[in-house]
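Asker: Let's see this in three dimensions:
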Amino acid sequence: MAIAEADQALARLDADRGGMSANLAELEEHPGVRFLDGVPLTGVSAARWAAARARLDAMWTQFRLFESVVAQAHRVRGRRVRPGHTELTELTELLCGPSVVLAPQSIPLSERDLLGPAAVRRSLTLAQLVGEMTAGYREVAQIATIADTVASNFLPGVDRAGTRLTEARRLAVDLDLAAIGHPLLARLDELERRLNTERALAMSDPLSLAERHADGADSSVSSRDIDDVQAKLTELAARRDTVAERLARLDTALDEAEAAARAADAAATVTGMKIAGFSPAPLEPLAPLRDRLRALRAGSARHWTRLNDDVVTVTREVERARAAADAVRDTAEALIDRRDELRGRVDAYRVKVARLRLTEDPVVDACYRRAHDLLHSAPCDLAAATRAVAEYQRAITEKTA
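Answerer: Down below sits the predicted model:
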């Protein structure tokens, strides 16, 4: 090496030494390294971190060897202001040759020969040493980053899920679901077991956990699972809070259903007298529903979920009875309305006939009298009357064609 080459190489190595020292110190203090050093590891993490920790320790040893060779090179360079051939030869050997002698490495018994050594000692150039350290640094940094991701992302996600499950459990207690063995309690237990398993695994084998959750999910207990349980509990709370109010409203609903039934009976009676062949659907008796409502009030001390189910059932039956009564009334009134509409059409046709001077026409007059008599008789044959009105209209049309 020329003097300038040796000086440039030493300056570059001094800069490399500062960067290597800073980066190794930063890696040693990396949150992922501190996390892996601070928890008892098992499984994949125990094996991988044991190898990575040994690699990191070895890098410190290699770094000290690097510093030793560089310091020796500086001593050689400092002997003379203008080093001679001897110094330049030594510098070349130190800076470019296999000047770094590593500690002996034992050879596994399965790989030895009978006359072979039990250990081997390697010598590397400074460039080779830096290459090995760089590869080791990347490997350890990758593992540390994975562990830090679990510690900084996954574990807080587990804690957030745990907080939400605690809130859900508190609401389940407030709803007294244990008294009836509600299935949501089993769902909460199952989610909590899964969460505890994930937490324990994150603290003992974070590297395997990171592989299973490569998609970045917080934990196996997804927000969707917890959302579903909380939504069901919230719905139950809303039912509990309104069951007394809905029970009170049943009185009004039943009164309205009874009024609708009376209106339907009255309409059916009138229509039955005025329209031939009218047969209304039978109405459901409401007295049993009134008795059930009284029984609900008397048994309001039962668990609120059972009371709620009964209130829902009775409410549905009251609504069905009200709808059936309204349908009977509407049908009955519709038949009367149809008869009255036909009467109005006949009257309108009669006015038209007078304007056309067809009042004395025997055919038209006969059709009018038939339609008029059918519509004004009691009970009215509505089907026959409808046909008679159509015949009256045709007769007028034929006469004026």
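Asker: Identify the residue nearest the geometric centre of the chain.
Answerer: residue 224 (2.3 Å; C-alpha atoms, centre = their mean).
Asker: Just say helix, strand or coil for it.
Answerer: helix (DSSP: H, G, I helix; E, B strand; the rest coil).
Asker: same deal with residue 371?
Answerer: When the rule is three-state DSSP, residue 371 gets the label helix.
Asker: Now for the residue lying closest to it once chain neighbours are set aside, how many residues are close by?
Answerer: Nearest residue to residue 371 in three dimensions, chain neighbours excluded: residue 388, at 3.9 Å (C-beta to C-beta, 6 or more residues apart in numbering). Glycine gets a C-beta too; all of them are placed from N, C-alpha and C. Neighbourhood size, residue 388 [other C-beta atoms under 10 Å]: 22.
Asker: which helices and strands does the one helix or strand residue 388 maps to pack with?
Answerer: Per DSSP states H and E: residue 388 is located in helix 382-400. Helix 382-400 sits against helix 304-355, helix 362-375, with contacts defined as 3 or more C-beta pairs under 8 Å, 6 or more residues apart in numbering; DSSP states H and E.
Asker: Just the C-alphas of that helix, formatted as PDB.
Answerer: Output of helix 382-400 as PDB, limited to C-alpha atoms (Å, rounded to 0.1, in the frame of the first residue of the first chain):
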ATOM      1  CA  LEU A 382    -123.900  -7.600  -4.900                       C
ATOM      2  CA  ALA A 383    -122.600 -10.000  -7.600                       C
ATOM      3  CA  ALA A 384    -125.900 -10.000  -9.400                       C
ATOM      4  CA  ALA A 385    -126.200  -6.200  -9.000                       C
ATOM      5  CA  THR A 386    -122.700  -5.700 -10.500                       C
ATOM      6  CA  ARG A 387    -123.700  -7.700 -13.500                       C
ATOM      7  CA  ALA A 388    -127.000  -5.800 -13.800                       C
ATOM      8  CA  VAL A 389    -125.200  -2.400 -13.800                       C
ATOM      9  CA  ALA A 390    -122.900  -3.700 -16.500                       C
ATOM     10  CA  GLU A 391    -125.900  -4.800 -18.600                       C
ATOM     11  CA  TYR A 392    -127.600  -1.400 -18.100                       C
ATOM     12  CA  GLN A 393    -124.400   0.400 -19.300                       C
ATOM     13  CA  ARG A 394    -124.200  -1.900 -22.400                       C
ATOM     14  CA  ALA A 395    -127.800  -1.300 -23.200                       C
ATOM     15  CA  ILE A 396    -127.200   2.500 -23.200                       C
ATOM     16  CA  THR A 397    -124.100   2.100 -25.300                       C
ATOM     17  CA  GLU A 398    -125.900   0.000 -27.900                       C
ATOM     18  CA  LYS A 399    -128.700   2.500 -28.200                       C
ATOM     19  CA  THR A 400    -126.400   5.400 -28.700                       C
END
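Asker: I'd like the numbering to begin with 27 instead of 1 from here.
Answerer: Let's use 27 as the start, then, which means that last one is helix 408-426.
Asker: neighbouring strands for the lowest-mean-pLDDT helix or strand in the chain, and are they parallel or not?
Answerer: The helix or strand of the chain with the poorest confidence is strand 145-146; it has a mean of 74 (mean pLDDT, DSSP states H and E). Using DSSP bridges, strand 145-146 pairs in its sheet with strand 131-132 (antiparallel).
Asker: Tabulate the helices and strands packed on helix 408-426 in TSV, adding columns for distance to residue 132 and mean neighbour count.
Answerer: Shown next, in TSV, are the helices and strands packed on helix 408-426 (distance: least, C-beta to C-beta, whole Å; neighbours: other C-beta atoms under 10 Å):
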stretch	distance to residue 132	mean neighbour count
helix 330-381	71	16
helix 388-401	118	18
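Asker: can these go into JSON lines with extra columns for mean pLDDT and distance to residue 38?
Answerer: As requested, these are exported to JSON lines (pLDDT from 0 to 100; distance: least, C-beta to C-beta, whole Å):
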{"stretch": "helix 330-381", "mean pLDDT": "91", "distance to residue 38": "78"}
{"stretch": "helix 388-401", "mean pLDDT": "93", "distance to residue 38": "117"}
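Asker: Of all these, which one is nearest residue 273?
Answerer: Shortest distance between residue 273 and those, using C-beta to C-beta, is found for helix 330-381: 5.3 Å.
Asker: how about residue 293, what does it touch?
Answerer: Residues in contact with residue 293 (C-beta atoms under 8 Å, 6 or more residues apart in numbering) are 354, 355, 358, 359.
Asker: Output those residues in JSON lines; the columns should cover distance to residue 367.
Answerer: Below are those laid out as JSON lines (distance: C-beta to C-beta, whole Å):
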{"residue": "354", "distance to residue 367": "20"}
{"residue": "355", "distance to residue 367": "18"}
{"residue": "358", "distance to residue 367": "15"}
{"residue": "359", "distance to residue 367": "12"}
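Asker: number of nearby residues for residue 308?
Answerer: For residue 308, the count of nearby residues is 8 (other C-beta under 10 Å).
Asker: likewise residue 158?
Answerer: Residue 158 has 18 nearby residues by other C-beta under 10 Å.
Asker: Against which helices or strands is the host helix or strand of it packed?
Answerer: Here residue 158 sits within helix 152-175, counting by DSSP H and E. Contacts defined by 3+ C-beta pairs under 8 Å, 6+ apart place helix 152-175 against helix 29-54, helix 57-64, helix 69-103, strand 126-127, helix 232-238.
Asker: doesn't residue 121 make contact with residue 35?
Answerer: Yes: assessed by C-beta atoms under 8 Å, residue 35 is found in contact with residue 121 at 4.9 Å.
Asker: Common neighbours of the two, please.
Answerer: Counting by C-beta under 8 Å, 6+ apart, the residues touching both residue 35 and residue 121 are residue 27.
Asker: out of these two, which sits in the more crowded spot?
Answerer: residue 121 (23 against 20).
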